[in-house]
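Participant: sequence? don't have it. structure:
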């Protein structure tokens, strides 16, 4: 193989890795916003009705788990794209 072909293959690998990292970084913004909104609304609900705080807290943690699953799926897809 010539040096030019090897250099092109190396450049493509670096570019794909960089784009994959950038894509995952952008994909992590959605779950971050989702969790922030979810917790904010839960705190507001608990402040308005303190007697329902237990139920709201349980629902909040379930919602956080589901939203965080989206970030973890994106993380796995990021590593699958590396190979």
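Facilitator: That came through, no problem. Keep in mind the model is a prediction, meaning the values are calculated, not measured.
Participant: The helix or strand where residue 23 lies - what's its average pLDDT?
Facilitator: Using DSSP states H and E, residue 23 sits in helix 3-27. Here helix 3-27 scores 66 as its mean pLDDT.
Participant: Show me which helix runs longest in the chain.
Facilitator: helix 53-82 (DSSP state H).
Participant: looking only at pLDDT, what's the mean for that helix?
Facilitator: 86.
Participant: for stretch 39-47, which positions count as buried?
Facilitator: 42, 45, 46 (16 or more other CB atoms under 10 Å). Where you see a C-beta, it was placed from the backbone N, CA and C, and this is true even at glycine.
Participant: Just name the closest of these to residue 61, please.
Facilitator: Distances from residue 61 to these, taken as CB to CB, are shortest for residue 42 (9.1 Å).
Participant: now that closest one, what's its secondary structure?
Facilitator: Put simply, residue 42 is helix when judged by DSSP: H, G, I helix; E, B strand; the rest coil.
Participant: Tell me how many other residues surround the residue lying closest to it once chain neighbours are set aside.
Facilitator: The shortest distance from residue 42 to any non-neighbouring residue, by CB to CB, 6 or more residues apart in numbering, is to residue 60 (3.9 Å). Residues near residue 60, counting by other CB atoms under 10 Å, number 19.
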